[in-house]
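Colleague: sequence first, then the predicted structure, then my questions.
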Amino acid sequence: MVAQYVFVEQGRLEHSKVTYKDNHSVFSVPKDQVLGLLDEAWARKSPAFNDNGLDVRIVDMGKVIGTHGERSVRMATRPGTAEIVSAYPVK
């Protein structure tokens, strides 16, 4: 199953944009590769834990994917679905 992207079109790639906050990382892959990266993360089938009513997975991607050297994706989905609510790079 491929992850379903439920972000509004304008905001769905928000974490691929350059930011000026020093403590806020974004994906370092080109914008046109972010959705493929999320599909790859989803396919790795990491175990989920509940956080504020969302299923959250932290997936080690085995390579740098964030602007601050992060190698994992934190992906939050609606419980029991593949509907991504948010996804961003983490250490």
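Modeller: Okay, I see it. These numbers were taken from a predicted model, which means no experiment stands behind them.
Colleague: all helices for the chain, in order.
Modeller: Taking DSSP state H to define them, one finds helices in the chain at 34-43.
Colleague: low pLDDT regions in it?
Modeller: Across the chain, the ranges flagged by pLDDT under 70 are 1-23.
Colleague: which stretches in the chain count as strands?
Modeller: Applying DSSP state E to the chain gives strands spanning 4-5, 49-51, 54-60, 72-77, 83-90.
Colleague: S28: which of the ones you listed is closest?
Modeller: Evaluated with CB to CB, the strands of the chain place strand 83-90 nearest to S28, the distance being 7.6 Å. Glycine gets a C-beta too; all of them are placed from N, C-alpha and C.
Colleague: packing partners for that closest one?
Modeller: If contacts are counted by 3 or more CB pairs under 8 Å, 6 or more residues apart in numbering; DSSP states H and E, strand 83-90 sits against strand 4-5, helix 34-43, strand 72-77.
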